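sequence isn't available, so here's the structure alone:
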């Protein structure tokens, strides 16, 4: 039985080139869409500048079109990094807590899969060229961190949401492991942010709601990691 924590087999050169070409084409297409759609370009500008009030007012004024724009903002986060919490907060404000949360969870999962694909296609060859043999050390570090690292990486609000996808894709973390750790890892923070949005409150590092959720999940992850190491030592013994 293959070890679940082992990386995937390195693909052939032809497949690697195809993934690289597809990744570059996706990035170019995403940038072109932003440039070609004025409404989307305006929303990206609002998010980048952290204008939550202006964004929620604009999205709400567009009706069904606002739904498409918010989804576009989530997916394009894999290409243009900006504070994902502002988009989630807006979803909670415009659609209410439960519908906004469901919408945010689905949209960010699609964005995570896209960032993972871009990490495989573009991030891996780029990092190999930049880091050389040190890239293998980076991949080994992420593999050793395992599930705990993938989960904890979703808890820090200041870390771009797409960053973990790029790192996991570039180091060829298995897609299934990346997918379920993404959903579980971003669920608490996304829930808290969507709730704040539904209450018309902006995201703030001083808000205890976020830190209570973050501390609770970090404690759970640390506990799981310690327990797993103890079990491994017992089996080794």
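Structure received. Model, not experiment: these values are computed from the prediction.

now the helix or strand that residue 88 is a member of: average pLDDT?
Per DSSP states H and E: residue 88 is located in helix 84-95. Mean per-residue pLDDT for helix 84-95: 89.

same for it, what does it pack against?
Here helix 84-95 touches helix 52-61, helix 64-76, helix 97-118, helix 175-198, going by 3 or more Cβ pairs under 8 Å, 6 or more residues apart in numbering; DSSP states H and E. The C-beta positions use only the backbone N, C-alpha and C, and glycine is treated the same way.

who wins for proximity to residue 169 among those?
In terms of Cβ to Cβ, the element of the helices and strands packed on helix 84-95 nearest to residue 169 is helix 97-118, at 4.1 Å.

angle of that closest one against helix 175-198?
Compare the direction of helix 97-118 with that of helix 175-198 by axes from the mean of the first three to the mean of the last three Cα atoms, to 10 degrees and you get 140 degrees.

quick one: buried residues of helix 97-118?
For helix 97-118, burial by neighbour count (16 or more other Cβ atoms under 10 Å) applies to 97, 100-101, 103-105, 107-108, 111-118.

hmm, which helix or strand of the chain has the shakiest average pLDDT?
Every helix and strand of the chain was ranked by mean pLDDT, DSSP states H and E. The lowest is helix 208-236, at a mean of 60.

re earlier: out of the buried residues of helix 97-118, who's nearest residue 67?
Taking the buried residues of helix 97-118 together and measuring to residue 67 by Cβ to Cβ, the closest member is residue 103, at 7.7 Å.

tell me how far the closest one lies from residue 191.
13 Å (Cβ to Cβ, to the nearest Å).

is it true that residue 115 touches residue 162?
Yes - Residue 115 is within contact range of residue 162, at 3.9 Å (criterion: Cβ atoms under 8 Å).
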